[in-house]
Structures are given as structure tokens and as C-alpha cells.
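Participant: Here is a sequence together with a model predicted from it:
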Amino acid sequence: CFYPLFIDPYAAVLLSLDVADQTSESLVSHLMPSAEHYRLTTRYLDDTLQHLISRSDNFRQIVLLTDGMDTRPYRLSWPKMSIMYDVSPGRIFSTAAQQLRGAGAKIPRNCVLFHTPLESPDLQEGLCKNGFNGNRPSLWVLQGLPLPSSSSFKSLLLVISNLAMKGGIFIGEVPHFPDWTAAADMVSEQDRLENLFFTQGFRVSFVLYENVAKDFGLDLAPQREQCGRVLFVAEQLRFSDAQMESFWTHFERTEEDADEEGFEEL
């Protein structure tokens, strides 16, 4: 008996020829997962995202790192005052957003969605200009964002590390990086990823696709079908740039107050 892992009422809209033609050029160079694998990953991330949001009232800033066609802002249940930031290729997002609006897709009431183009010269600045607040908790989700190399992922981690408040959560799927295939030191890709997360201040744990499949009572396709992709959940252990700025501002004011009190005593 087959049952869907998730329901996406807008999938057919994004499979139209207009969108497909404009997106194929950007996506053709990346290893694409099988349909089964994509459904499994999407369901896992959906469930994890909804669990984290329902468990805490703090996560109202959600950053979706996507291919430009993520329908989560329209099809998932979001708490009031949720602020969603979509980071994705600008041209693809614009085309998809137009198609979705034409199909009647709407952001839930009392929620907002901002888009920051992946091509922005300064991604961190772009998110901040859209209102991202590093003094508030945030939840980051990675699925589909074009990451051609490990260096591009390292750059992304640096941006998130600078922006995400301590205790922020980063979940998602990391693609296989071709520049890691010929590892002379025989270090596994998972070990490399763990080190990459750690150097940017994240404590990470990896999730086996086989375990996710078992939770849904499914038999997973062979390993090669997964294209070397890795599921992860990470926690930010460092203070964000905004937190550090607030700390130093408070520290300087405290010192100034102390100096004034000392001067009055003299």
C-alpha cells in the first residue's frame, strides 16, 4: 500500500514547462537525488522543522536555503509572527514565486517572506537588510541550495555562524562535493564535514537515511542512489556578531558609568 510522505499542492505548478526551462540550466550541473530520496529528505526536514518550531516559542526567524522553488512557506503550518527568509538563485525564485501566486499560493496571515538572492555580493549584509536579527534565535534549513564545492559550503557556514544567535539550529542535507572524491589522506567525507562544522562553531550530528526510512516503514534504495548526500542537525555554540556587538556596547557603558561614579567621589 503506497502513501505519500508529504503533500505538496503546488508541485504540479513548478513542474510546468515555463519553470523547468528556466531552471534546468542552473540545476543540470548538480547531482540530482532520486524522487524517492527527495521525498524522504523533504519529509524528514519538514517533520524536524515543525517539531523544533512547536517545541519552542523562540524560533520565529527561519532561513530557508533552497533552489528557489521551496514551497514550505506556503504549505507548512507557521506560528504567528514567523519571519521567513528564502536564500536562493534570484531568477529561479522570481519565476517560481510568480507561478505560485498565479496558482493562489499565499503566505499564512501574520507571517512574512523575504528573498535574498544567492548571487548577492554580500549574503550576510543582504539578510540583515531584509531584517534578520542576530540577537534573536533562528532556525536554518538547507535543501537544494546550489553548492558546487566544499569551499562554497564553508563560506555558507561562515555566514550562518556570523548571523545565528548562540543556540540556533541548522538542519538540512549537504550534497556530495566532487573536490573531496580523491582524498589522499583517506579521511571520510563525514569526518571532513564534522571538522568543517566544528571550525565554524557548530556541534553537528549526522542522520542515517536508512534510519529515517525505517521510521516511515520504507526500504531505502541502494547507497549510490543517494549521490553521497548527508543529513545533519547542528547547533550554534558561538555568539553571533550582533550578540558580540551588544555585549561590547553594554561593557563600554558599564565602564563609562564606573568612571563617572569614581569622578564624583573625587
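Facilitator: Thanks, I have the structure now.

Participant: The stretch 101-250 of the chain: strands as residue ranges?
Facilitator: Secondary structure of the stretch 101-250 of the chain (DSSP state E, counting those that start in this stretch): strands located at 112-117, 139-142, 169-174, 202-207, 230-236.

Participant: now those in CSV, with mean neighbour count?
Facilitator: Backbone N, C-alpha and C define where each C-beta goes, glycine included. Putting those into CSV (neighbours: other C-beta atoms under 10 Å) gives the following:
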stretch, mean neighbour count
strand 112-117, 18
strand 139-142, 23
strand 169-174, 22
strand 202-207, 16
strand 230-236, 20
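
Participant: would TSV of the ones you listed with mean pLDDT be doable?
Facilitator: Output for these, formatted as TSV (pLDDT from 0 to 100):
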stretch	mean pLDDT
strand 112-117	97
strand 139-142	98
strand 169-174	96
strand 202-207	96
strand 230-236	96
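
Participant: Can you add distance to Y10 and give those back as TSV?
Facilitator: Formatted as TSV, the strands of the stretch 101-250 of the chain follow (distance: least, C-beta to C-beta, whole Å):
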stretch	distance to Y10
strand 112-117	14
strand 139-142	17
strand 169-174	20
strand 202-207	26
strand 230-236	24
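
Participant: Of those, give the one that comes closest to L14.
Facilitator: Relative to L14, the nearest member of those by C-beta to C-beta is strand 112-117, separated by 15.7 Å.

Participant: Give the other helices and strands that the closest one contacts.
Facilitator: In terms of contacts (3 or more C-beta pairs under 8 Å, 6 or more residues apart in numbering; DSSP states H and E), strand 112-117 is packed against strand 83-88, helix 90-102, helix 123-129.

Participant: Work out the gap between the last one and the centre of the chain.
Facilitator: The chain centre lies 15 Å from the centre of helix 123-129; the measure is C-alpha atoms, centre = their mean, to the nearest Å.

Participant: same deal with the first one?
Facilitator: On the basis of C-alpha atoms, centre = their mean, strand 83-88 is displaced by 9 Å from the centre of the chain it belongs to.

Participant: got the buried residues for that strand?
Facilitator: For strand 83-88, burial by neighbour count (16 or more other C-beta atoms under 10 Å) applies to 83-88.

Participant: hmm, who's touching that strand?
Facilitator: By C-beta atoms under 8 Å, 6 or more residues apart in numbering, the residues outside strand 83-88 that reach it are 60-70, 72-73, 78, 93, 107, 111-118, 123, 127, 130-132, 144-145.

Participant: out of those, which are buried?
Facilitator: 60-70, 72-73, 78, 93, 111, 113-118, 123, 127, 130, 132, 144-145.

Participant: Show me the one of the helices and strands packed on strand 112-117 that comes nearest P137.
Facilitator: Among these, the nearest to P137 by C-beta to C-beta is strand 83-88 (11.6 Å).

Participant: Parallel or antiparallel, list what pairs with the closest one.
Facilitator: Using DSSP bridges, strand 83-88 pairs in its sheet with strand 61-65 (parallel), strand 112-117 (parallel).

Participant: looking at these, which is closest to F198?
Facilitator: strand 61-65 (19.8 Å).

Participant: That closest one - what's its average pLDDT?
Facilitator: Confidence for strand 61-65, expressed as mean pLDDT, is 98.

Participant: next one: it to chain centre, how far?
Facilitator: With C-alpha atoms, centre = their mean, you get 5 Å for strand 61-65.
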